[in-house]
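*Asks:* Quick check, what structure comes out for this input:
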Amino acid sequence: MRCSLHGLPDVRSSHGPEAADRVVAGILDVVRRRLRGTDVVAYVGDHEIAALLAHADMDAAHTTAEAIREAAENMRVATAQGVVGT
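*Replies:* This is a model prediction of the structure:
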């Protein structure tokens, strides 16, 4: 499954690539803590996160998508210009 981080290009252009990378890293960290040991989540570029959910059913996929959405909505990082998120 793939999820787009629609606000990431705005963070990158307004606050720089380092801030955008920190937002992505924070989202991935939150999501990884919720996954099973056999699952993988990664930033695949072009403001998208992908998850490989081994032997998962649709409920697990929905739960993971929800975790990514929640993490993206709640992730904030401090920058010289203030706190930013996606």
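*Asks:* On the three-state scheme, residue 20 is what?
*Replies:* What DSSP: H, G, I helix; E, B strand; the rest coil gives for residue 20 is helix.
*Asks:* meant to ask about residue 11, not that
*Replies:* Going by three-state DSSP: residue 11 is helix.
*Asks:* Roughly how far does the residue nearest the centre of the chain sit from residue 62?
*Replies:* Here the mean C-alpha position of the chain is nearest to the C-alpha of residue 27 (Cα atoms, centre = their mean), at a distance of 3.8 Å. Distance of residue 27 to residue 62, computed by Cβ to Cβ, to the nearest Å: 18 Å. (C-beta placed from N, C-alpha, C; glycine too.)
*Asks:* Contacts only, for the residue nearest to the centre of the chain.
*Replies:* 5, 49, 68, 71-72, 75, 86 (Cβ atoms under 8 Å, 6 or more residues apart in numbering).
*Asks:* one more time with 6 Å
*Replies:* Residues near residue 27 by Cβ atoms under 6 Å, 6 or more residues apart in numbering: 71-72, 75.
*Asks:* Over to residue 59?
*Replies:* Shown in contact with residue 59 (Cβ under 6 Å, 6+ apart): no residues.
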